[in-house]
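Peer 1: From the sequence below, what's the structure:
(one chain, ligands or ions: 2)
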Amino acid sequence: MATNGTTTKPPPMPSPLRNSKFLQSNTRILVTGGAGFIDSHLVDRLMQNEKNEVIVADNYFTGTKDNLKKWIGHPRFELIRHDVTEPLMVEVDQIYHLACPASPIFYKYNPVKTIKTNVIGTLNMLGLAKRVGARILLTSTSEVYGDPLVHPQTESYWGNVNPIGVRSCYDEGKRVAETLMYDYHRQHGIEIRIARIFNTYGPRMNIDDGRVVSNFIAQALRGEALTVQKPGTQTRSFCYVSDMVDGLMRLMEGDQTGPINIGNPGEFTMVELAETVKELIKPDVEIKMVENTPDDPRQRKPDISKAKEVLGWEPKVKLREGLPLMEEDFRLRLGVLKK
Ligand SMILES: NC(=O)c1ccc[n+]([C@@H]2O[C@H](COP(=O)([O-])OP(=O)(O)OC[C@H]3O[C@@H](n4cnc5c(N)ncnc54)[C@H](O)[C@@H]3O)[C@@H](O)[C@H]2O)c1
Ligand SMILES: O=c1ccn([C@@H]2O[C@H](COP(=O)(O)OP(=O)(O)O[C@H]3OC[C@@H](O)[C@H](O)[C@H]3O)[C@@H](O)[C@H]2O)c(=O)[nH]1
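Peer 2: Ligands and ions are numbered 1, 2, ... in the order given. Next up is the predicted model:
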């Protein structure tokens, strides 16, 4: 195998049993962070294919076994309590490496641990990929563009990130994770895939996750004021989780290393988002302006030309269609029935 001028040893041969006609699964897939939000939806999709065997490794920092309860005990499913900052010895064909707290309140809670998860965790997963010859996909983030000076963001934009700010543990952590992916690819011939995920929402987000869509829906259902952080003109582009999972799986199965932006280009200010939630869920709810946190990016919108061209992917679910699906799930979990 040779890539970018480097020659590497081929990966070790899998056990002869893997080719046996009696073996039920063809592909063994590790999902790190599989008990989380996007992650558990991905597990659901992977488990639908009877040829897949899925192993989830999660330390339950922001994820929960509840998200995987329908698979626990299934013969093609395994759940391991494991922190990716420690090495993991498993035999797999593919690794979806998602483990990392994603909500700013959680990734800022223990920033040193967030960096370790991104750097040591990604190194460990790349070491595993190298040992067993697995293809590895990293879920990077639109936060690698920081407070972007280019709009919408294309993959060729290098970003505008504060290296010493309170968000850096995540932003810079993911940037180093991308660097490690490329260095393992160039130096060791590892098959890599990098997705740059933009804000994703949907059922199963933690109710007290702290991210804006889950906050607004939970607040509307509890009859509390929607907290728009100032100035409220900052923008985000929200992708429904089923579209995201579809994009990630296409990236893994395709032949492009990435990085590739995966997100929905529909762009909204936070005031517009609050007004939409108010209109759809609770027309008499109050909207109040509150203080923001440092380094909040002022605008964010993916340019998804590359995903359209090389993955044949684009999102299908509009914000106004996705919000009611999330509302339904939040109503069930909060015990607030629709009148
Ligand atoms: N949701 C988004 O809008 C978004 C946007 C950009 C990137 N991403 C990326 O997608 C991935 C999943 O995000 P999510 O929204 O589902 O987040 P989440 O917090 O719901 O899920 C993350 C999972 O990783 C686990 N985890 C955290 N640290 C770990 C560690 N050290 N070892 C093992 N497991 C660990 C958590 O317990 C959780 O189950 C993350 O890598 C995140 O950075 C998400
Ligand atoms: O209650 C709230 C929460 C958040 N916000 C605003 O909503 C916007 C989005 O904030 P979120 O916390 O949902 O998410 P952010 O876009 O800041 O970060 C996200 O970016 C992409 C991913 O990598 C992560 O999921 C997360 O870091 C920010 O401008 C924030 O100021 C509110 O107005 N009110």
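
Peer 1: Can you tell me how far Ala177 is from ligand 1?
Peer 2: 9 Å (C-beta to the nearest ligand atom, to the nearest Å). (C-beta placed from N, C-alpha, C; glycine too.)

Peer 1: sec struct for that residue, please.
Peer 2: Secondary structure assignment for Ala177 (DSSP: H, G, I helix; E, B strand; the rest coil): helix.

Peer 1: Now Arg193. Nearest residue, chain neighbours left out?
Peer 2: Nearest non-adjacent residue to Arg193, counting by C-beta to C-beta, 6 or more residues apart in numbering: Leu137, 3.9 Å away.

Peer 1: ok, the one you found - how many residues close by?
Peer 2: Per other C-beta atoms under 10 Å, the neighbour tally for Leu137 reads 26.

Peer 1: State whether it is indeed within a helix.
Peer 2: No. Per three-state DSSP, Leu137 lies outside any helix segment and is strand.

Peer 1: For it, which residues are in contact?
Peer 2: Listed by C-beta atoms under 8 Å, 6 or more residues apart in numbering, the contact partners of Leu137 are 94-97, 192-195, 248, 251-252.

Peer 1: cutoff 7 Å now
Peer 2: With contacts defined as C-beta atoms under 7 Å, 6 or more residues apart in numbering, Leu137 is in contact with 96-97, 193, 195, 248, 251-252.

Peer 1: And Asn292, by the same measure?
Peer 2: Counted by C-beta under 7 Å, 6+ apart, Asn292 has contacts 229-230.

Peer 1: where does the stretch 51-200 of the chain come near ligand 2, residue by residue?
Peer 2: 102-104, 141-143, 199 (C-beta under 6 Å from any ligand atom).

Peer 1: hmm, try it at 8 Å
Peer 2: By C-beta under 8 Å from any ligand atom, the residues of the stretch 51-200 of the chain that approach ligand 2 are 102-105, 107, 141-143, 167, 170, 174, 197-200.

Peer 1: I'd like the mean pLDDT over stretch 33-40, please.
Peer 2: Stretch 33-40 carries an average pLDDT of 98.

Peer 1: Please enumerate the strands of the stretch 51-200 of the chain.
Peer 2: With strands called from DSSP state E, counting those that start in this stretch, the stretch 51-200 of the chain shows them at 52-58, 77-81, 94-97, 135-141, 192-197, 200-201.

Peer 1: could I get the ones you listed as TSV with mean pLDDT and distance to Phe216?
Peer 2: Below are those laid out as TSV (pLDDT from 0 to 100; distance: least, C-beta to C-beta, whole Å):
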stretch	mean pLDDT	distance to Phe216
strand 52-58	97	27
strand 77-81	97	32
strand 94-97	98	29
strand 135-141	98	21
strand 192-197	98	20
strand 200-201	98	10
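
Peer 1: For those, give me TSV that also has distance to Arg236.
Peer 2: Below are the strands of the stretch 51-200 of the chain laid out as TSV (distance: least, C-beta to C-beta, whole Å):
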stretch	distance to Arg236
strand 52-58	26
strand 77-81	32
strand 94-97	24
strand 135-141	12
strand 192-197	12
strand 200-201	10
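
Peer 1: Could you dump those strands into TSV and include distance to ligand 1?
Peer 2: Shown next, in TSV, are those (distance: least, C-beta to the nearest ligand atom, whole Å):
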stretch	distance to ligand 1
strand 52-58	4
strand 77-81	9
strand 94-97	8
strand 135-141	4
strand 192-197	3
strand 200-201	4
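
Peer 1: re the thing from before, show me the two of the contacts of Leu137 that sit farthest apart.
Peer 2: Across the contacts of Leu137, no pair lies farther apart than His97 and Leu251, at 12.6 Å, counting by C-beta to C-beta.

Peer 1: Those two: which is more packed in?
Peer 2: Using other C-beta under 10 Å as the criterion, His97 and Leu251 rank with His97 on top: 27 against 24.

Peer 1: The more buried one touches Leu138, doesn't it?
Peer 2: Yes. Applying C-beta atoms under 7 Å, one finds His97 in contact with Leu138, separated by 5.2 Å.

Peer 1: between these two, what contacts are shared?
Peer 2: Joint contacts of His97 and Leu138 (C-beta under 7 Å, 6+ apart) are Thr122.

Peer 1: okay, the nearest residue to Val241 once chain neighbours are set aside: pLDDT?
Peer 2: Leaving out its chain neighbours, the residue that sits closest to Val241 by C-beta to C-beta, 6+ apart is Gly202, at 3.2 Å. According to the per-residue confidence, Gly202 scores 98 in pLDDT.

Peer 1: still on that earlier bit, now, the residues of the stretch 51-200 of the chain next to ligand 2 that are in helices?
Peer 2: 104-105, 107, 170, 174 (DSSP state H).

Peer 1: now, which of those residues sits nearest Arg333?
Peer 2: Minimum distance to Arg333 across these is 19.0 Å, recorded for Ile105 (C-beta to C-beta).

Peer 1: Surely that closest one touches Gly210?
Peer 2: Yes. Contact criterion C-beta under 7 Å: Ile105 and Gly210 qualify, at 3.7 Å.

Peer 1: hmm, the helix or strand harbouring Met326 in reach of ligand 1?
Peer 2: Taking DSSP states H and E as the definition, Met326 sits inside helix 319-334. No. Helix 319-334 is not in contact with ligand 1 by C-beta under 8 Å from any ligand atom; minimum separation 12.5 Å.
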